[in-house]
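This is a predicted model, with the sequence first.
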Amino acid sequence: MFLGTHTPKIDEKGRFFLPAKFREELAEGLVITRAQDRCLAIYPEATFVEMTKSMSSAPTSVKQVRDFQRMLAAGASNEKPDKQGRITIPPQLRNYAGLTGECVVVGAINRVEVWDAAAWEAYSAEQESAFAEMNEEVFPGL
């Protein structure tokens, strides 16, 4: 499970250090792809494979299914952290999320999200007021 907020920097080669507490779960390989809200999602490779298995059973005759599958897969990149725990974010994904130097890495239960620092600050401020009310709407009985 991925939890917490971290603030690594992206270097000139598009790399950043994974938070130490995420490294073991991502050591064997990961998939980084675009996510909603103009951030990136990093999944352990096995989690991404399981997720796409369930997606592959969706009917491709439905335009929204095709669109989602394309956007997810076209932006995806298999990566493996180096010995120092760094991963490289491909240029097209850095551009998608607006990543230049300052970023925020957020544990999001089954994935890690990478945000531009200013975008995260704006998103977080906007969501904070609604957070208390979301529980009953999104997860009744939780």
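Okay, I see it. Numbering: from 1, shown residues only.

Next up, identify which helix or strand the most centrally placed residue in the chain is on.
With distances taken as Cα atoms, centre = their mean, Ala41 lies nearest the centre of the chain, 1.3 Å away. Ala41 belongs to strand 39-44 when assigned by DSSP states H and E.

got the angle between the next helix or strand after that strand and strand 39-44?
Using DSSP H and E, the next helix or strand after strand 39-44 towards the C-terminus is helix 45-56. With axes from the mean of the first three to the mean of the last three Cα atoms, to 10 degrees applied, the angle from helix 45-56 to strand 39-44 works out at 110 degrees.

for helix 45-56, packing partners?
Secondary-structure packing of helix 45-56 (3 or more Cβ pairs under 8 Å, 6 or more residues apart in numbering; DSSP states H and E): strand 30-35, helix 63-74. Backbone N, C-alpha and C define where each C-beta goes, glycine included.

ok now the longest one, how far from the chain's centre?
Centroid displacement of helix 63-74 relative to its chain, using Cα atoms, centre = their mean, to the nearest Å, is 17 Å.

After that helix, which helix or strand is next?
Counting by DSSP H and E, what follows helix 63-74 is strand 77-79.

buried stuff in that following strand?
By 16 or more other Cβ atoms under 10 Å, the buried positions in strand 77-79 come out as Glu79.
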